[in-house]
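>>> could you work out the structure for the sequence below:
(chains A, B, C and D)
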Protein chains: 4
Amino acid sequence: MTGIQRPPYVPPDFTSESLRRAPGARTVACEADGVLPEGFFATTNLPSYVKGEDGLWAMPREPRMDGCLVRESDGTWWVREGRRVKRGDRVVVGHAEDGSDGVLVHATGFDYGEGVAGDFHFMSSQVSREKPIDYGQLARMLVDERRREGYVVWVTGPALVHSRARDNLVWFIRHGFVQALLAGNAVAAHDIEAAVVGTTLGMTSAGAPTEGGHSAHMRAINAVRRAGSIPAAVRSGLIPSGIMHACVIEEVPFVLCGSIRDDGPLPNVITDAVEAQDAMRAHTVKATMAVMVATALHSIAVGNMLPAYYEDPERGLMELPTICVDASEFLVSKLKDRGTHQAVGVVTNAQDFMSILRSAVEEEMS
Amino acid sequence: MTGIQRPPYVPPDFTSESLRRAPGARTVACEADGVLPEGFFATTNLPSYVKGEDGLWAMPREPRMDGCLVRESDGTWWVREGRRVKRGDRVVVGHAEDGSDGVLVHATGFDYGEGVAGDFHFMSSQVSREKPIDYGQLARMLVDERRREGYVVWVTGPALVHSRARDNLVWFIRHGFVQALLAGNAVAAHDIEAAVVGTTLGMTSAGAPTEGGHSAHMRAINAVRRAGSIPAAVRSGLIPSGIMHACVIEEVPFVLCGSIRDDGPLPNVITDAVEAQDAMRAHTVKATMAVMVATALHSIAVGNMLPAYYEDPERGLMELPTICVDASEFLVSKLKDRGTHQAVGVVTNAQDFMSILRSAVEEEMS
Amino acid sequence: MTGIQRPPYVPPDFTSESLRRAPGARTVACEADGVLPEGFFATTNLPSYVKGEDGLWAMPREPRMDGCLVRESDGTWWVREGRRVKRGDRVVVGHAEDGSDGVLVHATGFDYGEGVAGDFHFMSSQVSREKPIDYGQLARMLVDERRREGYVVWVTGPALVHSRARDNLVWFIRHGFVQALLAGNAVAAHDIEAAVVGTTLGMTSAGAPTEGGHSAHMRAINAVRRAGSIPAAVRSGLIPSGIMHACVIEEVPFVLCGSIRDDGPLPNVITDAVEAQDAMRAHTVKATMAVMVATALHSIAVGNMLPAYYEDPERGLMELPTICVDASEFLVSKLKDRGTHQAVGVVTNAQDFMSILRSAVEEEMS
Amino acid sequence: MTGIQRPPYVPPDFTSESLRRAPGARTVACEADGVLPEGFFATTNLPSYVKGEDGLWAMPREPRMDGCLVRESDGTWWVREGRRVKRGDRVVVGHAEDGSDGVLVHATGFDYGEGVAGDFHFMSSQVSREKPIDYGQLARMLVDERRREGYVVWVTGPALVHSRARDNLVWFIRHGFVQALLAGNAVAAHDIEAAVVGTTLGMTSAGAPTEGGHSAHMRAINAVRRAGSIPAAVRSGLIPSGIMHACVIEEVPFVLCGSIRDDGPLPNVITDAVEAQDAMRAHTVKATMAVMVATALHSIAVGNMLPAYYEDPERGLMELPTICVDASEFLVSKLKDRGTHQAVGVVTNAQDFMSILRSAVEEEMS
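Residues are numbered from 1 along each chain as shown, chains lettered A, B, ... in the order given. As a prediction, the model looks like this:
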């Protein structure tokens, strides 16, 4: 599983002629709220450096792709979404990523060295159902994150609730492996339907449809709407078990973002997409690892916000491990095609992934 | 392509003993805004009838699945989303769908009669890439809808813009085959990127990535934000061509709904999911046909709202033809698994579908 | 997992007027070897009965689909492939499957009764990655087959060797859950490459390509060719472990059929397709259960030969449980589209399937 | 569509120190028929050179991957499958591919130069349904091949016959764009079923199953068996139209290779896999272009045999354009994972591909 080993970061050589001679980054003031100046620099998720007027290279805070670079009045640099800039904000302009305009994108800091020799290979594709999955390594990473008090963000789709993976996700929440849960209305609705009615979309846990089952999720949603909120429904006993129950009891923060296909929605779902992005990003800026299971929409959304690295207080810059689990190769390729190059794909069924990962973590812990 | 022929509708036999003896539907008042009474009746997308106090069976207005039945003070019945009910609204309760509680779901009105004789068949799956696509029949349906002034709703994903299908969709808009376009921020952003910069997600129309291409969509979005709106950007000449341009010029209404994975977003994108659903439903209640191309999110969203039938002033109740085009069988199965039984699947590439469909329609028109 | 419960078989009502009055089956002699008479009756995999001159209905032996019905001189009926008939063989003619021509295909003998009431359901598709997998039930079936000395045929593709499922398949072989292994050259070649060189197609068990790895399978094949046969290579110590090793040691019969894409091939591979079919059918006629993992070619091949039922000495006619595991829904749909209606699909990764199934069987045995 | 432009070939620099000093290739005699010496050199599909005793570098004839290098008594070098060597044949040994053992694999001869600058890109995956298909370029290549009297090998699966692509393939055969057709029993059986009975696997051209349709292909096969051969059945009028008819009439050679899943098989099907490989390779050694449509088995088989280049009498060494069309990204990735790096993937439906390609070729010709 290429990509989850963690090489030491090699910073740029700032003593090189070209970087020493590079000018400071040029900024232009925004003319209106939410509108960037012509020629703005568009950020990537890779380690980046901006040269200040003092001639020093600094990394901007809260990195993500598809943002701009804003200089605050105290001289610090921030990555910000275009819609969040205010009139008068100083935004970096320039296209060059090699430092010659005062911004350097350092793509080779986590270089894995040369591959194997020779030019003709089999099995060199990056994502394939034919590649083995190293659950032991994944388990060691999760246990290591917990020990070091990392911040593991889980991004999950409803297939994880339809199938029997629900109990396993509860187990990970209860045992401290989940620091934030990012999902949509459907995950919570199916989970609560299972807790309240015993089915998911009217399907039993054995996979059979039930009489009148098509309304089960509507009844579950309505009951929570009556209770006022998910935490209230947990505390009242209406929701006695499951993923949302575990999050509330274990005080694991969750963000449920609304979408155009939602029924209900449940209370606590943030129906405004921009507001929901801000709520999710409050977690991605803290992330030290991301696990995405069976959701195209939310995996790509979180991939958009997620830096390819994070700063560890003791070990310095680290690549941010990003695991993406889906039943087809297509999602992981799509995620990479949208810039989340560090994603490691696992092509399998969500239920089976959760089951084996839990066994591997239990073994690693014993 | 089983499913797009249009059989005559056979209404229920209201003179039958059981339906004559059935009680009127029972209603209970809502206790709070957006909260339904215990035991509410959950609607389907099939032709349904409610028995009033006058003993008459009437079809509720604005049918959709996953709604409730509300009786207005004038005695009319409406299907409404639970979140839209107000305190005091009279909502139907009861689970039976056979009329015995005063509500009848009539699933067999569009019955296609017996299939072929014998019990052992090959090639009887409903959706498969191995099945032929009858483009001629699709073309005749579209031409027929235009002649009868039907209301064809198109639901499209960004693959349609990435690939070269864009020009073909413009052609359909310009020639009167599109009465409403339902999509997300990405379709408009890629379309406008193509119009303004000449790439989609930085990829040329020949499929090659370009230098600095990762910021092209951000620059296009920023330019429209500066212009204030998509129509303003069209009128100013900033957007000289493409899908959004055609919609504005031809006055075809569009709904762009926001999602958690949006960059920008563009002006005119409705970022609130609930508000966006209402905007989409304003079109689905008028639909006489739906064409869904290369989008899981929006196809399922529209499938949720779309009745399986519509009332034609001359021909009476008609099945609502719903074409769902995707590169894999999975989406259509998923759509059917979420209740859109009438969907007819076409398993192909969006670009090729649009190209051949246009040729077939041109031939049909000539 | 709808479909693997075992209902009692309900035979046809031979006392019915139509079956009593039906004529005996009419036979015509073949004019040439391998050529059937005009209008021959084509068999299905469903329970079938032929009426003899004595007026009695009998089930033909060795049922399969796409065969013909031959009457031997002793009056017994056999299902045979067209290519195997000889000049002068008496072959049944007629098209009717309802008994009126003396042949009855009884499709409803394993009827599962009515489904749930109502006509509008979610999640009613037959094969979907969103459906839960009941590993406990699969495990009980396997343990039950072993107890009753059933004949479980495994059909496997190379994905099972590429990934880490190899050890688990060995475990199933060693513990008596495999009565025959039907596969191709690739399964054996990769398995032996892993045993001899330590890679599969030059990929390490961690999924990385190796230097010169593209020739590893060729060297493994060459070594076995030098040894003369797979059993000889096992006995000489050349093949010290793995699937083929386990088959040889445990005396589990295997059929390796050649294909156009084979490298080598290995000794023991039957390169003639017709001969290989005969070798495989020698096992399918004995089968009481079939497990197909990650192979389109061989699953469909075996599906073609496999009856949908078998005769149990104690319990009478039983449905033949057929489990088909693949990473996509498409294969199972394709299998059903080619007549293997009884197939139950499991949409997951082969590695994960084997791992969880083994755990479930171990639990069931403890 | 990256990969089908044709760059000039840049041969190795044989004047370099390392290549001048390299020893001649060392050969060892085979001890037995079909068994290679320990340490044999395994070929790739890339341009390769062997150094003779005379100190000259020569390209071996009939290149393919997974073969060995044999020196004939006249000093010429040949690539040969291991199973075809005879006792006493002189086979090259050595692992190095950089010339230091006397064999040079020249992977960079068709180098496409640097890609775009910068390290962060979107849409850089090699195969995706989201990438545009340049049918115009494909059409120009086909027309150009015909003009230059190239040898275009078509490899096709039965999806091409199930769907309506059949007429379009006939058109390509009739118009001189097909120099050889490589397929399996199923393509011919479905094609002949369509010609004789009017269905494919009992499905009408509108995609509906027919009564008794499951036996239609068996009746078609039986009729051809009675006729003795496919050409005889064409000449007798039994097969009045379709792909096989066109091949016979236009004298386009075809190879039908048997497989374990074949019904029948038809006469002319080569049931022995090794013999069928030899028959196919007789065409691949002449190929100047390959078009593979909707078949995993045969695409990978042909990919195994197909060099990545060919020698054009006028233009020198040319990359061998290899187009692989399938409904999913997986097949093309798999093909590349098995060494056919030059394959260009087109992710679409076979029917639509053939329809649009024909239109594009007709336009190119007009």
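>>> look up the closest residue to residue A:331, ignoring the ones flanking it.
residue A:296 (5.2 Å; CB to CB, 6 or more residues apart in numbering or on different chains). All C-beta spots, glycine's among them, are computed from the backbone N, C-alpha and C.
>>> ranges for the strands of the stretch 151-300 of chain A?
A:152-156, A:180-184, A:254-257, A:269-270, A:289-293 (DSSP state E, counting those that start in this stretch).
>>> and the fourth one, which strands flank it?
Just to be clear, that refers to strand A:269-270. strand A:254-257 (parallel) (DSSP bridges).
>>> which residues touch the strand it pairs with?
Contact with strand A:254-257 is made by A:180-185, A:187-188, A:244, A:247, A:265-266, A:268-270, A:273, A:276-277, A:279-280, A:283, A:298, A:301, B:260, as judged by CB atoms under 8 Å, 6 or more residues apart in numbering or on different chains.
>>> quick one: name the residues of the stretch 51-200 of chain A near chain B.
A:65, A:66, A:82, A:83, A:95, A:184 (CB under 8 Å from any CB of the partner chain).
>>> swap in 7 Å and give it another go.
A:66, A:82, A:83, A:95 (CB under 7 Å from any CB of the partner chain).
>>> what's near enough to touch residue A:13?
Taking CB atoms under 7 Å, 6 or more residues apart in numbering or on different chains, we find residue A:13 in contact with no residue.
>>> did I read that right, it in a helix?
No. Counting by DSSP: H, G, I helix; E, B strand; the rest coil, residue A:13 is not part of a helix but coil.
>>> burial count for residue A:256?
For residue A:256, the tally of surrounding residues (other CB atoms under 10 Å in any protein chain shown) stands at 25.
>>> returning to what we had before: make a markdown table out of the strands of the stretch 151-300 of chain A and add mean pLDDT.
Putting the strands of the stretch 151-300 of chain A into a markdown table (pLDDT from 0 to 100) gives the following:
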| stretch | mean pLDDT |
| --- | --- |
| strand A:152-156 | 97 |
| strand A:180-184 | 98 |
| strand A:254-257 | 98 |
| strand A:269-270 | 98 |
| strand A:289-293 | 96 |
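>>> residue B:157 is nearest to which of the ones you listed?
strand A:180-184 (17.6 Å; CB to CB).
>>> what's the angle between that closest one and strand A:289-293?
30 degrees (axes from the mean of the first three to the mean of the last three CA atoms, to 10 degrees).
>>> pull the CA atoms of strand A:180-184 into PDB?
The C-alpha trace of strand A:180-184 is given here as PDB (Å, rounded to 0.1, in the frame of the first residue of the first chain):
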ATOM      1  CA  ALA A 180     -14.600  14.000  14.200                       C
ATOM      2  CA  LEU A 181     -17.300  12.500  12.000                       C
ATOM      3  CA  LEU A 182     -18.100  14.300   8.800                       C
ATOM      4  CA  ALA A 183     -21.100  13.000   7.000                       C
ATOM      5  CA  GLY A 184     -24.500  13.900   5.600                       C
END
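>>> ok and it relative to strand A:152-156, angle-wise?
Using the same axes, to 10 degrees: strand A:180-184 against strand A:152-156 is 20 degrees.
>>> could you export the strands of the stretch 151-300 of chain A to TSV, including columns for distance to residue B:137?
Below are the strands of the stretch 151-300 of chain A laid out as TSV (distance: least, CB to CB, whole Å):
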stretch	distance to residue B:137
strand A:152-156	41
strand A:180-184	37
strand A:254-257	40
strand A:269-270	41
strand A:289-293	40
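>>> can you report how many residues neighbour the nearest residue to residue A:261 once chain neighbours are set aside?
Leaving aside its chain neighbours, residue A:261 sits nearest to residue B:301 (3.8 Å; criterion: CB to CB, 6+ apart). Using other CB under 10 Å, residue B:301 has 26 neighbouring residues.
>>> tell me the spacing between residue B:301 and chain C.
Distance, residue B:301 to chain C, using CB to the nearest CB, to the nearest Å: 15 Å.
>>> tilt between the helix or strand hosting that residue and strand B:289-293?
Per DSSP states H and E: residue B:301 is located in helix B:296-305. Here the directions of helix B:296-305 and strand B:289-293 differ by 160 degrees (the same axes, to 10 degrees).
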